[in-house]
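Student: Build the 3D model from these lines:
(one chain, ligands or ions: 1)
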Amino acid sequence: MGMQTYEQFDRTFPTDEACKAYIVSKRWPDGVRCPRCKRKEKVYALKQPFKWTCCNADCGKRAGYRFSVTTHTIFEDTKVSLRIWFKIGYLMITAKKGLSSLQVRRVIFGEESGTDWRTAWYICHRWRAAMKGDVMPLTGEIEVDETFIGGKERNKHASQRKHIGTGGAGKVAVIGAIARKGMIVAKVIEKTDTATLDSFVRQTVSKDAKLIATDEHVGYRLLGNSLPHRVVRHGAGEYVVGTTHTNTIEGFWSLFKRGLIGSYHKVNKQYLPLYVNEFAWRFNNRKNPNAFADLITTCSN
Ligand SMILES: [Zn+2]
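Tutor: The predicted model follows:
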């Protein structure tokens, strides 16, 4: 991975001004654009650095529409130094097993002792929300699988965990499709019925896919009508049949679950989609040397 080390990264952004200049370069590579009307014309720099006014008549009033480098970004209205934001973002995209409390503590308390716990938690969630990416449709050999997060299921053996239907109290189902040696698409689902599983696969996978491997969950039974679907019967002790297996996505689930357990804050059901974003995004950008730059571009759209 061509990413910088933490020390190199830290030196690249010695001040908040350096962070702001970087956001400008990624957000507006061809010139500052008004975040409201999206035009470059009649946008003028104000005396204060990193602030502009848009003087298009249909955008601002007489004084113009004033905006800053952080307007309409995840950093909007923050009182925390952008250096802290950047460092946490960097740690998040490089921490393969997820962000640990120790890492966050070091950043927060090493820099500004006034930054409290809730602020750190908020910053992490804003980054997670920015970690969206369109990677569909998946092609080649694909594995699809669902898993349950939370409740007591964590302690059960994988084979017992299957076929629970909608899952029990406190459990949340997550479905994922992964192209071998490629990208993953994962999301939280309300039900694990046929309608949900079938439509997820059809929205995620290209019609030209070579193989779609799943376990024997009944929710996948209609895929074979129009897709090259093959089943590995975990209930019968089958795990690999030729190229038919779900080992790749199961590897992702175990990474995800270990990351959640190690997370510095208890994971609530309502925030689970954000953690799914984080782990899928990091996986999909594992070989991207411009991961941080791309994230800055995304988080200011
Ligand atoms: Zn405007």
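
Student: Residue 9 touches residue 90, doesn't it?
Tutor: Yes. Using Cβ atoms under 8 Å, residue 9 is in contact with residue 90, at 5.0 Å. Using the backbone N, CA and C atoms, a C-beta is placed for each residue, glycine as well.

Student: Need the residues touching each of these two.
Tutor: Common contacts of residue 9 and residue 90 (Cβ atoms under 8 Å, 6 or more residues apart in numbering): residue 292.

Student: Name the secondary structure element that contains residue 187.
Tutor: Element membership of residue 187, judged by DSSP states H and E, is strand 184-189.

Student: quick one on the thing from earlier: more neighbours: which of residue 9 and residue 90?
Tutor: Neighbour totals were compared for residue 9 and residue 90, and residue 90 leads with 23 against 17 (other Cβ atoms under 10 Å).

Student: Please list all residues in contact with that one.
Tutor: 6, 9, 292.

Student: which among the residues you listed are in contact with the ion?
Tutor: Among the contacts of residue 90, no residue sits close to the ion (Cβ under 5 Å from the ion).

Student: Which of those residues fall in strands?
Tutor: Counted as lying in strands by DSSP state E, out of the contacts of residue 90, is not a single one.

Student: Hmm, residue 137 is touching residue 202, no?
Tutor: No. Using Cβ under 8 Å, residue 137 is not in contact with residue 202, being 9.5 Å away.

Student: Those two: who's more crowded?
Tutor: Taking other Cβ under 10 Å, residue 137 and residue 202 do not tie; residue 137 has more neighbours (17 against 14).

Student: Closest one to residue 227 out of the contacts of residue 90, please.
Tutor: residue 292 (36.3 Å; Cβ to Cβ).

Student: Going by neighbour count, list what's buried in stretch 268-275.
Tutor: 272, 273, 274, 275 (16 or more other Cβ atoms under 10 Å).

Student: Among the contacts of residue 90, name the ones in helices.
Tutor: Residues of the contacts of residue 90 located in helices (DSSP state H): 6, 9, 292.

Student: Can you tell me which of these is nearest residue 39?
Tutor: Lowest distance from residue 39 to these (Cβ to Cβ) belongs to residue 292, with 28.2 Å.

Student: Give the burial count for that closest one, as a bare number.
Tutor: Counted with other Cβ under 10 Å, residue 292 comes out at 22.

Student: thought it was touching residue 88?
Tutor: No. The criterion here is Cβ under 8 Å, and residue 292 misses it with residue 88 at 11.7 Å.

Student: OK, contacts around residue 28?
Tutor: Contacts of residue 28 (Cβ under 8 Å, 6+ apart): none.

Student: Local confidence estimate at it?
Tutor: Reported pLDDT at residue 28 in the predicted model: 96.

Student: start the count at 237, not 1, going forward
Tutor: Taking 237 as the first residue, the last one we looked at is residue 264.

Student: shaky segments in the stretch 337-486 of the chain?
Tutor: 337, 345-351, 387-406 (pLDDT under 70).

Student: Could you rerun that using 80?
Tutor: 337-354, 369-372, 386-406 (pLDDT under 80).

Student: The residue in it that the ion sits nearest to: how many residues sit nearby?
Tutor: Per Cβ to the ion, residue 366 is where the stretch 337-486 of the chain lies closest to the ion, at 23.0 Å. Neighbourhood size, residue 366 [other Cβ under 10 Å]: 21.

Student: list the contacts for the residue in the chain sticking out farthest from the centre?
Tutor: Distance from the C-alpha centroid of the chain, by Cα atoms, centre = their mean, peaks at residue 298 (40.4 Å). Contacts for residue 298 (Cβ under 8 Å, 6+ apart) come out as none.

Student: a strand runs through it, doesn't it?
Tutor: No. Under the criterion used here (DSSP: H, G, I helix; E, B strand; the rest coil), residue 298 is coil, not part of a strand.
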